[in-house]
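[1] Sharing a model that was predicted from the sequence below.
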Amino acid sequence: MDPQSNEPLGRLRAELAAAAARLREPDGEPDAVVERPPRPEFGDYSTNLALLLAPAMKSPPREVAERIGEDLQERLAGVLDRAEVAGPGFLNLFLSDAWFRAALADIRAQGDGFGAGAIPEDARERILVEFVSANPTGPLTAAGGRHAAYGDSLARVLEFAGHEIEREYYVNDYGTQVQRFGESIAARMTGGEVPEGGYEGDYVREIAEQAGAEAIDSGDIDALARRGIELIMERVRATLERFRVRFDRFFSERGLHESGAMQRDLDKLAAGEHVYDSDGATWLRTSAFEDDKDRVLRRSSGEMTYFGTDIAYHQDKRRRGYDRLINLLGADHHGYVGRMMSLFEVLDDAGKLEIIVMQLVQVVERGARAQMSKRRGEFVTLDELVDDIGVDAARFFMLQRSPDTPLDLDLDLARERSQENPVYYVQYAHARIASILRNAGEERLAAAEAANLEAGEGALEPAERALVKRMLALPDEVREAAERRAPHRLTGYAHSLASDFHAFYRDCRVVGAEGPGMEEWRLSVCLATQRTIARVLGLLGVEAPERM
């Protein structure tokens, strides 16, 4: 069953589908498309259903639209004020105040469940979202913050939409970079030169001082590296918790090596036709699928490649029985997509893996960009960013753009407490509603909560109709954000919702509104809007303040 069938818009879509079925045989009838037109004079909603039906019916689209409109006006008396045919065959629907009152009552009745479960039950999946996974050789940077904000918000949206979600951080605690990290710590302890390609940040000196206090031998590079990674990961976990990001699991690469899982998985692959040896190395024939060339699994030196390690990691993921695996990768991993997709073709599991490549984020202040490099120690940490602009602004700004688009985070704008700052603008709408509700008092709010919203008589203002329509869009926005892996859509929706509320506040008196039941109605509009703003901000990991 369509999860929208119990929503006001879902019922409107259902009536359109029924009208289409009455006009012709229902086999293969198109879905009813209902959209908000660009201008109010074009109606509350518009549909292109007639344009889709006309070819099969062998009738002009405008004629089909007229027939649909007549059918709807007969069946939706008291709900549909009128239906107008426009352009080549669009049908513009003008809904009655009674429909809007019933719609708000529906939103109120759903409570915290409004907008949830937007994905049909038969399409829901058990999904593992792996994100951040930054090398544990330095603090989490502002760039890693974009991964954290996006991955966490995506997981929240998918979960709210109905999927079962687990969150995982892959800790790269094995290999060359870990060796160099240990050597860098040793150099700080002994006053020697940091090795070429090593790590030079002040945080390495802090780790070296702690390692010295713990009497770790400066010559025991492995012990230094392990302890350094433990300390870094403690810091990363604290930063992520502060950033309102949680993980169900931190998965250790070292554990793969030490458990023997890597060798077992390589042996299984080697038993197939796509693994071969050449020049002393072991290769996977990924060129037979989506990759541009074959890839080395084990070098002639016997060392596993990153790709070889990732095969073992993803085999472990597959054994855990997820329906879908979503990986967030950095912009420098774009070439990695083909080989991983090829791997899943080899494993006869095509379609299970999804890779989202995150583009770069730059922190900008007074027009200048801050450089970020763990090795040179020249970077803005996520903690420093949060210290400066706060968690709410950092998350909201990180989420404003699609992940495949580079992002400039403007510190000057993020610090502003004005309507030019988008997160402030949205939060201020929530705080303004909270102020209205406080001024109204508990007695008025109780009356509004108990009121029969469908029994009102006064004519609704365009601003309150627009605000109710914006709230009704939430289930569609959640579904789109989940299906397109696009939580950034919700930042735009939140801003539009706040804008519609500010217009409502400007045009409509709430406390003391004249007319039978009008005060209760408008207080109910405020309550529903406040809850909707809070719900959307929650999906973004942003707080909804009561006062500002």
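    Yes, it's here.
[2] mind listing what G89 touches?
    Applying CB atoms under 8 Å, 6 or more residues apart in numbering, we find G89 in contact with 48, 50-51, 54, 60-62, 64-65. Quick note: C-beta positions are derived from backbone N, CA and C, even for glycine.
[3] out of these, which is most surrounded?
    Using other CB atoms under 10 Å as the neighbour criterion, A65 leads those with 28 neighbours.
[4] Determine whether the claim that that residue is in a helix is correct.
    Yes - under DSSP: H, G, I helix; E, B strand; the rest coil, A65 sits within a helix.
[5] Surely it is in contact with L91?
    Yes - between A65 and L91 there is a contact at 4.5 Å, judged by CB atoms under 8 Å.
[6] Name the residues contacting each of these two.
    49-50, 85.
[7] Point out where the stretch 1-150 of the chain drops to low pLDDT.
    Scanning the stretch 1-150 of the chain for pLDDT under 70 picks out 1-6, 25-32.
[8] Which parts of it are strands?
    Along the stretch 1-150 of the chain, counting by DSSP state E, counting those that start in this stretch, strands occupy 34-35, 45-47, 80-86, 90-95, 126-130.
[9] In contact with D71, which residues?
    By CB under 8 Å, 6+ apart, the residues touching D71 are 19, 22-23.
[10] and which of the shared contacts of A65 and L91 is nearest R366?
    L49 (52.4 Å; CB to CB).
[11] So that closest one sits against A18, correct?
    No - between L49 and A18 there is no contact, the gap being 11.3 Å when judged by CB under 8 Å.
[12] Those two: which is more packed in?
    Each of L49 and A18 has its neighbours counted (other CB under 10 Å); L49 has more, 27 against 16.
[13] how far away is that one from V85?
    Noted for L49: a distance of 12 Å to V85, by CB to CB, to the nearest Å.
[14] Are there residues contacting both of these two? Which ones?
    With CB under 8 Å, 6+ apart, L49 and V85 have common neighbours 65, 91.
[15] For M233, which of the strands of the stretch 1-150 of the chain is the nearest?
    strand 126-130 (16.0 Å).
[16] Neighbouring strands of that closest one in the sheet, and parallel or not?
    Paired strands of strand 126-130, with direction, are strand 164-171 (parallel), strand 324-329 (parallel) (DSSP bridges).
[17] which other residues reach the worst-scoring helix or strand of the chain on mean pLDDT?
    When the helices and strands of the chain are scored by mean pLDDT, DSSP states H and E, strand 368-369 comes last with a mean of 78. For strand 368-369, the surrounding residues in contact (CB under 8 Å, 6+ apart) are 362-363, 408.
[18] which of those has the most neighbours?
    Of the contacts of strand 368-369, with other CB under 10 Å as the count, V363 tops at 26 neighbours.
[19] quick one: secondary structure of that residue?
    V363 ends up strand, using three-state DSSP.
[20] Who does it form a beta bridge with?
    L409.
[21] Quick check, it in contact with D388.
    No - if you go by CB under 8 Å, V363 and D388 don't touch, sitting 9.1 Å apart.
[22] Need the overlap of contacts for these two.
    Both V363 and D388 are contacted by L411, under the criterion CB under 8 Å, 6+ apart.
[23] Please name the residues that touch A50.
    Taking CB under 8 Å, 6+ apart, we find A50 in contact with 61-62, 64-65, 68, 85, 89-91.
[24] can you put the contacts of G89 in a markdown table and add distance to E345?
    Shown next, in a markdown table, are the contacts of G89 (distance: CB to CB, whole Å):
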| residue | distance to E345 |
| --- | --- |
| N48 | 38 |
| A50 | 43 |
| L51 | 39 |
| A54 | 42 |
| P60 | 48 |
| P61 | 43 |
| R62 | 49 |
| V64 | 45 |
| A65 | 46 |
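[25] among these, which two are most distant?
    Most distant of the contacts of G89, by CB to CB, are N48 and P60, 14.3 Å apart.
[26] going on from the biggest helix by length in the chain, what's the next piece of helix or strand?
    Determined from DSSP state H, the single longest helix within the chain is helix 422-450. Sequence order places helix 462-472 as the next helix or strand after helix 422-450, per DSSP states H and E.
[27] And that next one, how far out from the chain middle?
    Mean C-alpha position of helix 462-472 versus that of the full chain (CA atoms, centre = their mean, to the nearest Å) differs by 25 Å.
[28] returning to that earlier point: to I207, which of the strands of the stretch 1-150 of the chain lies closest?
    Of the strands of the stretch 1-150 of the chain, nearest to I207 by CB to CB is strand 126-130, at 26.3 Å.
[29] Walk me through the domains of the protein.
    The record's domain parsing of the chain by automatic domain parsing lists 3-95, 124-357, 422-539.
[30] where's G43 relative to L256, distance?
    Taking CB to CB, one finds G43 at 59 Å from L256.
[31] what's the answer for Y276, then?
    Y276 is 23 Å from L256, by CB to CB.
[32] Settle it for me: which of those two has more neighbours?
    Between Y276 and L256, counted using other CB under 10 Å, the more crowded position is L256 (23 against 12).
[33] which residues does the more buried one contact?
    Here L256 is in contact with 174, 262, 309, 312-313, 316 (CB under 8 Å, 6+ apart).
[34] Buried only: go through the residues you listed for me.
    Neighbour counting with 16 or more other CB atoms under 10 Å marks 174, 262, 309, 312-313 as buried within the contacts of L256.
[35] Mind listing what's buried along stretch 380-391?
    Using 16+ other CB under 10 Å as the test for burial, stretch 380-391 gives 380-383, 385-386, 388-391.
[36] One more: stretch 163-170?
    Residues of stretch 163-170 classed as buried under the neighbour-count rule (16+ other CB under 10 Å) are 163, 165-170.
[37] Kindly report the same for stretch 326-341.
    326-330, 336-341.
[38] That one: how far from the chain's middle?
    Distance, stretch centre to chain centre, for stretch 326-341: 18 Å (CA atoms, centre = their mean).
[39] returning to that earlier point: just the buried ones among the contacts of L256 now: which is nearest D81?
    Y313 (58.8 Å).
[40] Might one say that that closest one is in contact with S252?
    No - counting by CB under 8 Å, Y313 stays clear of S252, with 10.1 Å between them.
[41] related to what we said a few turns ago, only the buried subset of the contacts of D71, as a PyMOL command please.
    Command for PyMOL that selects the buried part of those, burial taken from 16+ other CB under 10 Å:
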select buried, resi 19+23
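[42] Cheers, nothing more for now.
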